[in-house]
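[1] predicted structure and sequence below. I'll ask about it afterward.
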Amino acid sequence: MIFPPSFFTIMVHLTIHLTEEVKLGGPVQFRWMYPIERIFGRFKSYVRNRAQPEGSICEQYIADECLTFCSMYLDDVETRFNRIRRVDDHPVVEHDLGPESEIPHSFPFLGRPVSASRLDTLSPIERQQAHRYILVNSSFLDDYRKVFKSELSRSQLRRRKRGHVIDIDQHVHIHFSQWLKQKVEKNGLGGMSDDMRCLAAGPSSKVLNFSAYNINGFKFRIIERDQDLKTQNSGIFVSAETISYASSRDINPRSGNVSYYGKLTEILELNYYDSFRVVLFKCKWVDTRDARGFKKDQFGHSMVNFSRLIHTGSGEEDEPYVLASQARLVYYVEDPQEKDWSVVVHVQPRDLYDMEDPTSSDEIPPQVVIEDPPIQSSMTISDNVSDIRLVRQIEDLESSQIPSDLYDNMEYV
């Protein structure tokens, strides 16, 4: 193919070097000039005396700093320190259950809807699943859950039937709501509070359905609304404590945190007959227990397959709901090479910074650490690019998490 001389322009020649620039500089958002140009444009607007532009910029900058400092001490005035954030998740209403109620501690009213509501009716199985998840997250009911479990164990002993731990736990998980309701109606439990009576009655089958909700500094949208938009706000990440059994005869099950990834399908406000309200997210969850639904690629990125789902909501024991306060936002990038697989990208809320103060305490609080991809000791670059040596500065070796293979792949300068 013969190209005319007019084809070889600077823009065509630029594409030849894009691959090398990516290898040398990494992601473009860490090296572009937009922030620099933006602050220069702001300084340019400070100029009032064209004969002395530098002095105008200095005086205006000092004035801005003084006003910013003074605004920290102003009340009832909107400043940059108290203005509404871009994602406004301040709750519209608050719980009014009294100071002795434990429900606000377990289900604090957080976030706010940012869409119109629609009145829907839950099916019996959907109502049971949503109510069961509320009871599971009610920590003040754990003692009564143990009472129900001991009653099941004693009844099986009287019938000379030995039940497995997994069967008893599953029965308690599914039928605890019915047992609690019967006990409260018959006053069969001591020390019953108003919170217990409220939860035992169960929620109304009438719920408010939203298409968007702000909470935890994130803006969530359901899949149906996300389909017509360029942005993606329907990815959900939840880290939940899960009990694992080695077999059906395992008498010592283990519990640990398991990561679940899903897509938001419904946003429901559950109403416990005006005693209190709680917002739930209904999602379709990827089966992270199976290698066909979740895996790590060669760079350490999490990958999910939404053709392998779990807790679809069709079964009585399914758990498609989570509390809105437990959800974190992620987005999924489709893998162009592997069909049905997507790469998970975690997102941090706007205006949220990890300002760790090591001088305040010797113990560092636990944090969610998203590990970097493994460092590669070699990089393939064209011949006209000089050799590159990767250097990483390590600070505070005792408190940082260092991959075991880091020293093998690092070359010091």
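    In hand now; what should we look at?
[2] what ranges in the stretch 51-200 of the chain fall below the confidence cut-off?
    95-96, 156-166 (pLDDT under 70).
[3] just the pLDDT for Gln376.
    According to the prediction, Gln376 has pLDDT 39.
[4] quick one, helices of the stretch 151-300 of the chain?
    Taking DSSP state H, counting those that start in this stretch as the criterion, the stretch 151-300 of the chain carries its helices at 165-185, 194-201, 223-226.
[5] so can I have a markdown table of those showing distance to Val286 and mean neighbour count?
    From N, CA and C alone the C-beta is placed, and that goes for glycine too. Shown next, in a markdown table, are these (distance: least, Cβ to Cβ, whole Å; neighbours: other Cβ atoms under 10 Å):
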| stretch | distance to Val286 | mean neighbour count |
| --- | --- | --- |
| helix 165-185 | 22 | 16 |
| helix 194-201 | 30 | 18 |
| helix 223-226 | 14 | 16 |
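[6] I'd like these as TSV, with distance to Ile125 appended.
    Shown next, in TSV, are those (distance: least, Cβ to Cβ, whole Å):
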stretch	distance to Ile125
helix 165-185	11
helix 194-201	18
helix 223-226	21
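[7] relative to Ser139, which of these is closest?
    helix 194-201 (11.4 Å; Cβ to Cβ).
[8] ok and the closest one relative to helix 165-185, angle-wise?
    Helix 194-201 runs at 110 degrees relative to helix 165-185, counting by axes from the mean of the first three to the mean of the last three Cα atoms, to 10 degrees.
[9] I'd like the distance from helix 194-201 to the chain centre, please.
    Its chain's C-alpha centre and that of helix 194-201 lie 30 Å apart, by Cα atoms, centre = their mean, to the nearest Å.
[10] give me the beta-bridge partners of the most centrally placed residue in the chain?
    The residue lying closest to the centre of the chain (Cα atoms, centre = their mean) is Arg328, at 1.2 Å. Counting by DSSP bridges, Arg328 is bridged to Phe237.
[11] report pLDDT for it.
    Taking Arg328 on its own, its pLDDT is 94.
[12] contacting residues around Leu122?
    Counting by Cβ atoms under 8 Å, 6 or more residues apart in numbering, Leu122 makes contact with Ala130, Ser205, Lys206, Val207, Leu268.
[13] among these, which are located in strands?
    Mapping the contacts of Leu122 onto strands (DSSP state E) picks out Lys206, Val207, Leu268.
[14] spit out the contact partners of the last one.
    Shown here is Leu268, whose contacts under the criterion Cβ under 8 Å, 6+ apart are Asp120, Leu122, Ala130, Val207, Leu208, Asn209, Phe210, Val279, Leu280, Phe281, Lys282, Tyr321.
[15] so what's the residue count around the first one?
    Read that as Asp120. When counting by other Cβ atoms under 10 Å, one arrives at 13 neighbours for Asp120.
[16] any idea which element it lies in?
    Using DSSP states H and E, Asp120 maps to strand 118-121.
[17] just the CA trace of that strand, in CSV.
    In CSV, the C-alpha atoms belonging to strand 118-121 read as follows (Å, rounded to 0.1, in the frame of the first residue of the first chain):
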residue,chain,number,x,y,z
ARG,A,118,-43.2,3.8,43.4
LEU,A,119,-45.4,1.8,45.6
ASP,A,120,-44.9,-2.0,45.1
THR,A,121,-46.2,-5.1,46.8
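[18] and that strand, which strands flank it?
    Counting by DSSP bridges, strand 118-121 is paired with strand 206-210 (antiparallel).
[19] okay, buried residues for the partner strand please.
    Val207, Leu208, Asn209, Phe210 (16 or more other Cβ atoms under 10 Å).
[20] export those residues to TSV and tack on distance to Leu199?
    Below are the buried residues of strand 206-210 laid out as TSV (distance: Cβ to Cβ, whole Å):
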residue	distance to Leu199
Val207	17
Leu208	20
Asn209	22
Phe210	23
